[in-house]
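[1] Got a sequence here, can you build the structure:
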Amino acid sequence: MSENTVLKSQNTAGEEGSILSGGLEVLENLKENLLELEGYRKRAGELDAEEDRLERQIQAKEQSVQAEISAVCRQRRQELESSFDSEMNTIRARMKKIRSKKDKLRTAKISERIQIETADLEEEKKEKQAEIRALFRKEQINRLFGSRLFYAFFLPGGIRDLCCAGACLLALVLIPAGIYRLLIPNRRGYMLVLMYLAVILVFGGLYALLLTKGKNRHQAAFGSVRLIRSEIFRIEKEQRRIARDIRRDRDESGYGLEKYDEQLKVCQEKLDELAEKEKKALKEFDSGTKAALAREIAGRYQKDLEELRKRHEKAEAEQESSGQKAREFAVEITGKYEGLMGKDMMNLSAVDTLCDLIRQGRAATVSEAVLLYRQENTGRTSSRKR
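    Okay, the predicted model is just below:
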């Protein structure tokens, strides 16, 4: 259309000798040329927008593909790790169960060994205790005087007796205070004093009674009991030392734990083997499987992406072609009309006005129409300024 229009414009201008001396037909040809130029520019703009839209679609699709690849690869890797972790946790649970059985058997064997190695001391201890009972029967001493509480207050033979006596005295101090605080609603200071006096009288009286009826009456017997109890404390101390040494002994060869050690060794080997396999599998996944998954996922979208890229390339080519045509046509119009009529006449509004001036008979040629148009525009501009 542009070539025909330009040729028509050239023939008309040639027949009339000059564009400026031409009339309505020259302006109508110019209008057609401007309309065609506007069409090229509009088409170029539409294609440019289409190109941008397709480019955004391609970018969005590529980002979606990459996001899916990342998500799938992450999920598959986690599933792979989870499978190995499940197997390894099963083995760890088995090892925990074996260790529990081993510890129970070891504890039983240690207790058995302690009993065996302290059997003589235990027998000696029982003999000493029997001596005390025989002495009580011989002296006709009440069994009450053989209690630990009696020994703690009257015949303390060690730290345990002293702790027992201290605990009893602390209880005698705290119990009245607790009763006074918690159970008596209208408390008076003298009440607490009376309570402690009652405790002192009761406990002191009981202590004096036991002292006179028991310890002082059987002074010689309780002296022998003190010596025997010292021997018992020595035996118990030796028993504790032997038990402590046995528990600290790291040699388990005599406990029959070899089968558990063998089972634990087999489980540990399997655990190490699985850990190595997991490391190898993850390495293979990162180096090969991951790329294969990426190709498989990308392949599903390849057709859509290729279609979008083809459409983008087509729109880009058409946009370039339309833009080139618009530029060339604009240069052609500029070279033919703008130099003669002025740049301000190169728009449809101005051309329509020039055509109206000729149709109305106010101008006969293009030159006259342009001159009249500018005069009227200058007058209107001056009026606005005033």
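
[2] what's the average pLDDT for stretch 28-45?
    Stretch 28-45 comes out with an average pLDDT of 76.

[3] wait, I meant stretch 239-256
    87.

[4] Tell me the buried residues in it?
    Counting neighbours by 16 or more other Cβ atoms under 10 Å, one finds that the buried residues in stretch 239-256 are Q239, A243, I246, E252, Y255. Where you see a C-beta, it was placed from the backbone N, CA and C, and this is true even at glycine.

[5] quick one, what contacts the first one?
    Contacts of Q239 were listed using Cβ atoms under 8 Å, 6 or more residues apart in numbering, and they are T118, L121, E122, K125.

[6] where does the second one land in three-state SS?
    Right, L121. Judged by DSSP: H, G, I helix; E, B strand; the rest coil, the three-state class of L121 is helix.

[7] so it touches K237, yeah?
    No - counting by Cβ atoms under 8 Å, L121 stays clear of K237, with 9.9 Å between them.

[8] neighbour-wise, which of these two wins?
    Taking other Cβ atoms under 10 Å, L121 and K237 do not tie; L121 has more neighbours (16 against 12).

[9] ranking the contacts of Q239 by neighbours, who comes first?
    Most surrounded of the contacts of Q239: other Cβ under 10 Å gives T118, at 21 neighbours.

[10] Quickly note the distance from that one to I235.
    Distance, T118 to I235, using Cβ to Cβ, to the nearest Å: 9 Å.

[11] Tell me the spatial nearest neighbour of E68, not counting adjacent residues.
    Of all residues not flanking E68 in the chain, I297 sits nearest, at 5.6 Å (Cβ to Cβ, 6 or more residues apart in numbering).

[12] Any buried residues in the helix or strand harbouring E284, and which?
    Element membership of E284 [criterion: DSSP states H and E] is helix 258-284. Judged by neighbour count (16+ other Cβ under 10 Å), helix 258-284 contains these buried residues: Y260, Q263, L264, C267, K270, L271, L274, E278, A281.

[13] show me what contacts the first one?
    If you count contacts by Cβ under 8 Å, 6+ apart, Y260 has them with I98, R99, K101, K102, L105.

[14] Show the average pLDDT along whichever helix or strand A369 is part of.
    Following DSSP H and E, the helix or strand that holds A369 is helix 366-385. Averaged across helix 366-385, pLDDT comes to 68.

[15] Please apply the same query to stretch 186-200.
    Mean predicted confidence for stretch 186-200 is 77.

[16] Walk me through the domains of the protein.
    Domain segmentation of the chain under automatic domain parsing yields 2-85+295-385, 108-267.

[17] Of all those, which one is nearest T289?
    Nearest to T289, of all the domains of the chain, is domain 2-85+295-385, at 7.5 Å by Cβ to Cβ.

[18] Can you give me the neighbour number for I358?
    21.

[19] pretty sure it contacts A364?
    Yes - I358 lies in contact with A364 (Cβ under 8 Å); the separation is 7.1 Å.

[20] and for those two, which residues touch both?
    Joint contacts of I358 and A364 (Cβ under 8 Å, 6+ apart) are G23.

[21] Can you pull the poorly scored residue ranges out of the stretch 151-300 of the chain?
    Where the stretch 151-300 of the chain drops to pLDDT under 70, the residues are 151-158, 161, 164-165, 207-219.

[22] 80 - rerun?
    Counting by pLDDT under 80, the stretch 151-300 of the chain contains low-confidence ranges at 151-169, 171-173, 176-177, 179-194, 196, 199-200, 202-226, 229, 252.

[23] That one: helices as residue ranges?
    159-182, 189-210, 219-248, 258-284, 290-333 (DSSP state H, counting those that start in this stretch).

[24] Now distance to R41 too, for the ones you listed, in JSON lines please.
    Output for the helices of the stretch 151-300 of the chain, formatted as JSON lines (distance: least, Cβ to Cβ, whole Å):
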{"stretch": "helix 159-182", "distance to R41": "100"}
{"stretch": "helix 189-210", "distance to R41": "109"}
{"stretch": "helix 219-248", "distance to R41": "98"}
{"stretch": "helix 258-284", "distance to R41": "58"}
{"stretch": "helix 290-333", "distance to R41": "5"}
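
[25] circling back to that earlier point, show me the two of the contacts of Q239 that sit farthest apart.
    Among the contacts of Q239, T118 and K125 lie farthest apart (Cβ to Cβ), at 9.1 Å.

[26] Make sure E50 is actually in contact with A315.
    Yes - with contact defined as Cβ under 8 Å, E50 reaches A315; the gap is 4.6 Å.

[27] Pick out whichever of the two has more residues nearby.
    Neighbours per residue (other Cβ under 10 Å) separate E50 from A315, with A315 holding more: 20 against 17.

[28] Against K42, how distant is that one?
    15 Å.

[29] Same check on D286?
    53 Å.

[30] go on, V225?
    For V225, the distance to K42 - Cβ to Cβ - is 124 Å.

[31] more neighbours, those two?
    Comparing V225 with K42 by other Cβ under 10 Å, the one with more neighbours is V225, at 22 against 12.

[32] burial count for the residue lying closest to the more buried one once chain neighbours are set aside?
    Closest residue to V225 apart from its sequence neighbours, by Cβ to Cβ, 6+ apart: I132 at 5.7 Å. Neighbourhood size, I132 [other Cβ under 10 Å]: 17.

[33] I132 reaches F222, doesn't it?
    No - contact between I132 and F222 fails when scored by Cβ under 8 Å: they sit 10.3 Å apart.

[34] All set, thanks.
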